[in-house]
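Engineer: Any chance you could fold what I've pasted below:
(one chain, ligands or ions: 1)
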Amino acid sequence: MSSFCIAQIPAKPRAPKMRPRYESVTSRNLPPTFISVDSLVNAPTIEVGRDVLQASEKWLASEYAPQLAMTIAQIIADRAGQPISNIVCLGIGNRRARDIDQFVLLAQIATQLSVAQPSILDNIVAQDPNMSPEMKGLFQIHGCRVVEDPEAFGFVGPDTFLFAPFLPIFAVLRGLRNRGCTDFGMYIGNDLKRMVGGPEKNSHRFGVHESDQASFEQIALSIQDETVCKRSMVPCDTPVGLRGTFRGLRDLEIWWRPVELG
Ligand SMILES: C[S@@+](CC[C@H](N)C(=O)[O-])C[C@H]1O[C@@H](n2cnc3c(N)ncnc32)[C@H](O)[C@@H]1O
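Structural biologist: Residues are numbered from 1 along each chain as shown. All right, here's what the predicted structure looks like:
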């Protein structure tokens, strides 16, 4: 992922010969997530790179990008001395608008977190058992390591940013069974509070198996423990009854564990 910010690409012997080129597209000091598609190397990745370019432009021009930047700056400040050091990204696997929006979000956050911890850009793993080849190429060309399920969960530690946008809750549970909030530093994903006792837990799509119920409640409740975690929402338009501009970002929660609270 070192390619998310050209100014921070570390010299790595195994670096690919061709990397996407990023340029700052904002006068508001936002992290650059601007991709030069002509430097991408294969056709499917060029196509998806084009999608990322368009989505980045739209996102960075929106009022939400600077709002997110402020939240991430707060997280960096709250984690001073113990910065977020790696990212585990789950469930971004297809070339759909939702997934592309989430990739753009990941790019902004990774770039900004790298100000506090430059090596984070070399410590990003992505996993989706149904990841398409073009998405795999997109991650890899950004320097991310794409792993097979369930390997990514093994990278989750106390300073990890776990990015799991709309991952089925049973999949998160399987990976994080018997772990609480103290096992990772930052989380973006489904609104867990709504799920605890909410209808989603009984639906087919988000169903939590009976035997996982206790572990689910433990994880959800520990993430929501405001004595150890702070919470915000991913800034996004949420028009009532409409799908909104950034479809993949609506209703995503951000939780993080400030060092002094942990
Ligand atoms: C409901 S879709 C969400 C996709 C996209 N992030 C969105 O918001 O529409 C869930 C995705 O999670 C993936 N998935 C399921 N189990 C997973 C696991 N154990 N690790 C990573 N991804 C997983 C699926 O393949 C699918 O792409």
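
Engineer: Show me where the stretch 101-250 of the chain has its strands.
Structural biologist: Along the stretch 101-250 of the chain, counting by DSSP state E, counting those that start in this stretch, strands occupy 124-127, 145-146, 160-164, 186-189, 230-233.

Engineer: right, and those strands - which one's nearest residue 113?
Structural biologist: Checking the strands of the stretch 101-250 of the chain against residue 113 by CB to CB gives strand 160-164 as the closest, at 6.9 Å. Yep, even glycine has a C-beta here, placed from its N, CA and C like the rest.

Engineer: What mean pLDDT does that closest one get?
Structural biologist: On average, the pLDDT along strand 160-164 is 95.

Engineer: now what about that strand, what contacts it?
Structural biologist: With CB atoms under 8 Å, 6 or more residues apart in numbering as the test, strand 160-164 has contacts from 84-91, 102, 106, 109, 113, 156, 172, 184-190.

Engineer: For the ligand, tell me which of these show up nearby.
Structural biologist: 90, 91, 102 (CB under 6 Å from any ligand atom).

Engineer: Inside helices: which ones of these?
Structural biologist: Of these, the ones assigned to helices by DSSP state H are residue 102.

Engineer: Stretch 152-172: end-to-end distance?
Structural biologist: 11 Å (CA to CA, to the nearest Å).

Engineer: Use 35 as the first number from now on
Structural biologist: Renumbered: residue one is now 35, and that last one reads stretch 186-206.

Engineer: May I see the buried residues of that stretch?
Structural biologist: Neighbour counts over stretch 186-206 (16 or more other CB atoms under 10 Å) mark 186-187, 189-190, 193-206 as buried.

Engineer: now, which of those residues lie within helices?
Structural biologist: Reading helices off those with DSSP H, I get 203, 204, 205, 206.

Engineer: how much space between the second one and the ligand?
Structural biologist: Which is residue 204. 8 Å (CB to the nearest ligand atom, to the nearest Å).

Engineer: do the first one as well
Structural biologist: When distances are taken as CB to the nearest ligand atom, residue 203 and the ligand turn out to be 10 Å apart.

Engineer: That residue reaches residue 210, doesn't it?
Structural biologist: No - applying CB atoms under 8 Å as the test, residue 203 and residue 210 come out as separate, 10.4 Å apart.

Engineer: List the contacts of the spatially closest residue to residue 151 that is not a sequence neighbour.
Structural biologist: Once flanking residues are discounted, residue 151 sits nearest to residue 117: 4.0 Å by CB to CB, 6 or more residues apart in numbering. Contact partners of residue 117, counting by CB under 8 Å, 6+ apart, are 110, 147, 150, 151, 154, 193.

Engineer: How about residue 134?
Structural biologist: Contacts of residue 134 (CB under 8 Å, 6+ apart): 82, 85, 86, 89, 282.

Engineer: same for whichever helix or strand residue 104 is part of, what does it pack against?
Structural biologist: Taking DSSP states H and E as the criterion, residue 104 maps to helix 98-112. The contact analysis (3 or more CB pairs under 8 Å, 6 or more residues apart in numbering; DSSP states H and E) places helix 98-112 against helix 131-150, strand 264-267, strand 287-290.

Engineer: The ones you listed into CSV, with extra columns for mean pLDDT?
Structural biologist: As requested, those are exported to CSV (pLDDT from 0 to 100):
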stretch, mean pLDDT
helix 131-150, 95
strand 264-267, 91
strand 287-290, 91
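
Engineer: Between the ones you listed, which one is closest to residue 244.
Structural biologist: Of all the helices and strands packed on helix 98-112, strand 287-290 comes closest under CB to CB, at 25.0 Å.
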